[in-house]
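S.K.: Return atomic coordinates for the entry below.
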Amino acid sequence: MDGTLKYFLAEFKQEAALTRLFLAKVPMEKASYQLNKKSETLGRLAVHVAELLAWWKNVLEENTMDFAGFEPKKIETTEALLQYFDTLYQETLSAFENAKEEILTSDWTMKNGEEIYMTLPKKQILRVFCMNHLVHHRAQLGVYLRLVGVEIPATYGPSADDFEVKMLNRF
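M.R.: Got it, this is the predicted structure:
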């Protein structure tokens, strides 16, 4: 593997490792917590963050993602959430190993039955609707975790929780 796919794989591994840190802290006993009626519950958001890894696999192996008949996975424990994430991670690594650089210019379509949401080149989908989407929802998950009293893992530098610990240890 070389070129752009190699770059995407390295970034995917880094972001997946950070994402797993967040998912490991999800208190599934508080899965029904909801910021407001328009927001997802903590549990559904956590599962969505995990399932976003499957989007990478889909883009690398398929030309379409169809949400017709989609049913979100029901997960009740943090351990099951991590197992689900780990399975999707391994499947996506395999998809990267088998992918060819030339697929990146192929179009990929997201739809729900006959309704087409978008068609864009796979390279753009990997960046915007796989990577950026994952980072966006992981940040939302961080807000939920903070509001239910869970310390936030460091992401691109120390979190406020890490910073406080480091500052206290200096004295």
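S.K.: Helices of this protein, residue ranges please.
M.R.: Assigned by DSSP state H, the chain shows helices spanning 3-24, 42-61, 78-98, 122-125, 133-147, 160-169.
S.K.: winner for burial among these?
M.R.: helix 42-61 (a mean of 22; mean count of other Cβ atoms under 10 Å). C-betas here are computed from N, CA, C, even on glycine.
S.K.: Take the helices of the chain and write them to JSON lines, including distance to Ile116 and mean pLDDT.
M.R.: Formatted as JSON lines, the helices of the chain follow (distance: least, Cβ to Cβ, whole Å; pLDDT from 0 to 100):
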{"stretch": "helix 3-24", "distance to Ile116": "24", "mean pLDDT": "96"}
{"stretch": "helix 42-61", "distance to Ile116": "16", "mean pLDDT": "97"}
{"stretch": "helix 78-98", "distance to Ile116": "23", "mean pLDDT": "98"}
{"stretch": "helix 122-125", "distance to Ile116": "14", "mean pLDDT": "96"}
{"stretch": "helix 133-147", "distance to Ile116": "18", "mean pLDDT": "96"}
{"stretch": "helix 160-169", "distance to Ile116": "42", "mean pLDDT": "62"}
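S.K.: Between those, which one is closest to Ala154.
M.R.: helix 160-169 (4.7 Å; Cβ to Cβ).
S.K.: What's the separation between the nearest residue to Asp107 once chain neighbours are set aside and Glu62?
M.R.: Of all residues not flanking Asp107 in the chain, Thr119 sits nearest, at 5.2 Å (Cβ to Cβ, 6 or more residues apart in numbering). From Thr119 over to Glu62 the distance is 13 Å, taken as Cβ to Cβ, to the nearest Å.
S.K.: for the residue nearest to Asp107, which residues make a bridge with it?
M.R.: On the basis of DSSP bridges, Thr119 is bridged to Thr109.
S.K.: For it, give me its contacts.
M.R.: Contacts for Thr119 (Cβ atoms under 8 Å, 6 or more residues apart in numbering) come out as Asp107, Trp108, Thr109, Met110.
S.K.: Report the contact partners of the third one.
M.R.: When contacts are counted by Cβ under 8 Å, 6+ apart, Thr109 is found next to Asn63, Thr64, Met65, Ile116, Met118, Thr119.
S.K.: just to revisit the earlier point, for the helices of the chain, please prepare a markdown table with the additional fields distance to Pro72.
M.R.: A markdown table is the format used below for the helices of the chain (distance: least, Cβ to Cβ, whole Å):
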| stretch | distance to Pro72 |
| --- | --- |
| helix 3-24 | 15 |
| helix 42-61 | 6 |
| helix 78-98 | 11 |
| helix 122-125 | 21 |
| helix 133-147 | 13 |
| helix 160-169 | 29 |
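S.K.: Much appreciated, bye for now.
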